[in-house]
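Asks: Sharing a model that was predicted from the sequence below.
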Amino acid sequence: MTKIIYVRHGQTAWNLEMKYQGQTDIFLNSLGLEQAEAVAMRLASEDIHAVYASDLKRAYATAEAIADKHHLTVQSEPAFREIHFGEWEGLTYDSICKQWPDVMNHLYSRPDEISIPGGESFRDLKKRAVVAIERLVKKHPDETIVVASHGGTIRTILCAALNIHLNYVWNIKQDNTAVNVVEYYPERTIVCLMNDTCHLGR
């Protein structure tokens, strides 16, 4: 069995401003750094063999805080980047709704059926992320590893683990530094924990 602990990155300024980040490389703000340290302390007692992260700064920095507690080096994996929001990156929800009302409506009602202008689809995101996860499961039998990534990416990975349609991707909540635990057995995948932020004192 391979146990993967998925961690969403800490808070950024664009999270606060409700801007779509996508693959724009925004760093953690001061609260995000505190959240990264809190989740690192929470996972300090886990027997972690490797730490992987999206190569975007907000996820990589969150992973570094975790890896430091285990004297490990973060291994960068671009397949764990956030969905590419194309022309929407840097814009707020209200601004996007004004310019692309139909596409935006479909993003939340039928996300599996749209392509974001200048960006990628959730199908594309799920494909690249799941291929990378399958590779890591083969590489780390009987080990526990951490993957620090992004809200959209972790949601699609959890959809795959639960074998649910991507149109339900928004039914899965992912707060900043949320911890999710999935166990991968040869015959079955078991989701053990989702969106746990007890380390933030909520």
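Replies: Arrived safely, thanks for sending. Residues are numbered from 1 along each chain as shown.
Asks: and the residue nearest to residue 76 when sequence neighbours are not counted, what element?
Replies: Nearest non-adjacent residue to residue 76, counting by C-beta to C-beta, 6 or more residues apart in numbering: residue 55, 4.4 Å away. C-beta: built from backbone N, CA, C; applies to glycine. Counting by DSSP states H and E, no helix or strand carries residue 55.
Asks: Find the residue at the geometric middle of this structure.
Replies: Against the mean C-alpha coordinate of the chain, by C-alpha atoms, centre = their mean, the closest residue is residue 150 at 2.7 Å.
Asks: from memory that residue sits against residue 59, does it?
Replies: Yes: the pair residue 150 and residue 59 qualifies as a contact (C-beta atoms under 8 Å) at a distance of 6.1 Å.
Asks: looking just at contacts, which helices and strands does the helix of greatest length in the chain meet?
Replies: Counting residues, the longest helix found in the chain (DSSP state H) is helix 122-139. Contacts defined by 3 or more C-beta pairs under 8 Å, 6 or more residues apart in numbering; DSSP states H and E place helix 122-139 against strand 2-8, strand 144-149, helix 151-162.
Asks: thinking again about what came up before, could you name every residue contacting both of residue 150 and residue 59?
Replies: Common contacts of residue 150 and residue 59, defined by C-beta atoms under 8 Å, 6 or more residues apart in numbering, comprise 9, 80.
Asks: who touches the nearest residue to residue 35 once chain neighbours are set aside in this structure?
Replies: Nearest non-adjacent residue to residue 35, counting by C-beta to C-beta, 6+ apart: residue 10, 3.9 Å away. Contact analysis of residue 10 by C-beta under 8 Å, 6+ apart lists 28, 31-36, 39, 58, 61-62, 176-177.
Asks: mind running it again at 6 Å?
Replies: With contact taken as C-beta atoms under 6 Å, 6 or more residues apart in numbering, residue 10 is in contact with 28, 32, 35, 36, 62, 176, 177.
Asks: same thing with residue 77?
Replies: Applying C-beta under 6 Å, 6+ apart to residue 77 gives the contacts 52, 132.
Asks: what's the answer for the one 5 residues further on, then?
Replies: The neighbours of residue 82, taking C-beta under 6 Å, 6+ apart as the test, are 22, 23, 150, 152, 153.
Asks: Just the pLDDT at the nearest residue to residue 100 once chain neighbours are set aside, thanks.
Replies: Spatially, and ignoring its direct neighbours in sequence, residue 100 is nearest to residue 117 (6.6 Å; C-beta to C-beta, 6+ apart). Residue 117 is assigned 93 on the pLDDT scale.
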